[in-house]
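Engineer: Can you look at this prediction? I've put the sequence above it.
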Amino acid sequence: MLNGRRILLIIGGGIAAYKSLQLIRELQKKGAEVLPVMTKSAAEFVTPLSVSALSKNKVFSDLFDLNDEAEMGHIELSRSSDLIIVAPATANLMAKMAFGLATDLPSTLLLATDTPVLIAPAMNVRMWEHPATQNNCKTLINNGVHFSGPDEGDMACGEFGFGRMSEPEIIVKAASDILFNGPLKGKHIVITSGPTHEPIDPVRYIANRSSGHQGCEIANALTSLGAKVTFITGPSNYKFPESCEIVTVETAIEMLDAVEANMPCDIAIFSAAVSDWRVEKKNTNKIKKNQSKDVLKINFIENPDILKTISKMKMNRPKLVIGFAAETNNLIENATEKRIRKGCDWILLNDVSPGTGIMGGNENHITLISADEIQEWPRMSKTAVAKKLGQKIVDYSK
Ligand code: C5P
């Protein structure tokens, strides 16, 4: 149910922190990966070692830890997940969130994030009922923060009333409701990704350096926004986005067939690095080294252009067709011309010159070109590019 989803879990410092261990287990049971963050006082209630061992991830807790910053900066951390859960959300953490304070790593992440946030408040009933906390709740609700609980019942402090943290199963249910009720709910999106392999003989093929990383991140970002994604991928070692329907193909022709089999759809995104050519006659047997005395000659013929084929569909064309343009020179001119020639709505231009490290790397530097605008995005991680594209699609679909 939460397969492939990344959840940043911020554990606040309250007695209910012990339930966060159970929450980690429940989230994992549903297939989510949990990245844990603990406040300093949370470590008084549960040990970072237990949290790390259960989540199988390192615990982040220090804003000024140089090692952590080098591994994953706090801004990056705040954007690296599909959802942030704060459990237990103490009165203090909620107040920091409501006032936009950034005094430690958890509050800074919560201020810097553009990811949905779900909080599970837990505190003494008087603290919960205090006008200050209730005003903070109103501010947080206005700011789009989602709540699970608090529940009514006996408290660790011996009092009775509202302030008990929601049970972990209920928090998991609230998390999946948020993740699957996103603004792209009801949209079917087809994404192509990875390279294609064009066979020469039964053991050799022509390929390219595409890793499929960017396509996977886009699929993850769009399913997080509630879309139903069909992910059509060429051979790739990158971990597939699990919440999608996955179709694996090898060649450009197989990729085109798979795309056509999934029409009509609402939006199509062509991030695959499709081979422009294929071998005219695939050898049925392995070509021997001494088969030809001269240099081995292979004839190539052009592959179908999938992006162009779908962009120019007369009937049932997806409302939004997005292509990529990996260029090494005359970037804007080439990509603008490509968008018009292929007939797609948006093209995401990226500079793949050898020095950029973009092909096969973790970052991308995109310029979005449409009929109305040329918008350069700063260089950022492929995850962040996917989220930004997701937001653009949401704005477009409104
Ligand atoms: O022409 P070029 O390969 O640079 O175009 C890149 C864009 O076209 C990408 O979106 C890619 O997925 C798509 N494409 C395609 N079929 C091809 C070649 C490229 O869909 N045969």
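Structural biologist: Arrived safely.
Engineer: Please spell out the segments of this structure that come in under the pLDDT threshold.
Structural biologist: For the chain, the stretches with pLDDT under 70 are 66-72, 292-293.
Engineer: Spell out which residues of it are next to the ligand.
Structural biologist: Contacts of the chain with the ligand, taken as C-beta under 6 Å from any ligand atom, map to 192, 252, 270, 272, 274, 276, 303, 305-307, 323-325. (Glycine included, C-beta is placed from N, CA and C.)
Engineer: Just the residues you listed: which are in helices?
Structural biologist: Ala252, Ile306, Leu307 (DSSP state H).
Engineer: Which of these sits closest to Pro116?
Structural biologist: Using C-beta to C-beta, Leu307 comes nearest to Pro116 of these, at 31.4 Å.
Engineer: Hmm, that closest one is touching Asp345, no?
Structural biologist: No. Look at Leu307 against Asp345 with C-beta atoms under 8 Å: they stay out of range, at 10.9 Å.
Engineer: Now do the strands in the stretch 101-250 of the chain.
Structural biologist: Ranges of strands in the stretch 101-250 of the chain, per DSSP state E, counting those that start in this stretch, are 117-121, 146-147, 151-154, 160-164, 188-193, 198-199, 205-206, 228-233, 245-248.
Engineer: Compute the distance between Phe231 and Ser224, please.
Structural biologist: 14 Å (C-beta to C-beta, to the nearest Å).
Engineer: same check, this time on Pro48
Structural biologist: Pro48 is 27 Å from Ser224, where distance means C-beta to C-beta.
Engineer: before we move on, what SS does Ala43 have?
Structural biologist: Of the three states, Ala43 takes helix under DSSP: H, G, I helix; E, B strand; the rest coil.
Engineer: Now do the contacts for it.
Structural biologist: Ala43 sits next to Gly13, Ser61 when contact means C-beta atoms under 8 Å, 6 or more residues apart in numbering.
Engineer: now whichever strand or helix holds Gly390 against strand 188-193, angle please.
Structural biologist: Per DSSP states H and E: Gly390 is located in helix 382-397. Interaxial angle, helix 382-397 versus strand 188-193 (axes from the mean of the first three to the mean of the last three C-alpha atoms, to 10 degrees): 150 degrees.
Engineer: In helix 382-397, which residues are buried?
Structural biologist: For helix 382-397, burial by neighbour count (16 or more other C-beta atoms under 10 Å) applies to 382-390, 392-394, 397.
Engineer: repeat for stretch 223-238
Structural biologist: For stretch 223-238, a neighbour-count test (16+ other C-beta under 10 Å) marks 223-234, 236, 238 as buried.
Engineer: which other residues reach stretch 312-331?
Structural biologist: For stretch 312-331, contacts defined as C-beta under 8 Å, 6+ apart pick out 190, 214, 263-271, 273, 307, 310-311, 334-335, 338-339, 342-353, 359, 367, 369, 389, 393, 396-397.
Engineer: cutoff 7 Å now
Structural biologist: Around stretch 312-331, the neighbours that count as contacts under C-beta atoms under 7 Å, 6 or more residues apart in numbering are 263-271, 273, 307, 310-311, 334-335, 338, 342-353, 396.
Engineer: Show me just the buried residues among those.
Structural biologist: By 16+ other C-beta under 10 Å, these give 265-271, 273, 307, 310-311, 335, 338, 342-352 as buried.
Engineer: Which of the residues you listed fall in helices?
Structural biologist: Here DSSP H is the test, and the buried ones among the contacts of stretch 312-331 give Leu307, Ile310, Ser311, Ala335, Lys338, Lys342 as lying in helices.
Engineer: Ile10 belongs to a strand?
Structural biologist: Yes. Membership of Ile10 in a strand is supported by three-state DSSP.
Engineer: hang on, isn't it packed against Pro106?
Structural biologist: Yes. Shown here, Ile10 and Pro106 form a contact pair, counting by C-beta atoms under 7 Å, at 4.7 Å.
Engineer: Could you give the bridge partners of Asp154?
Structural biologist: For Asp154, the beta-bridge partners are Phe160 (DSSP bridges).
Engineer: same deal with Ile246?
Structural biologist: Beta-bridge pairing for Ile246 (DSSP bridges): Phe231.
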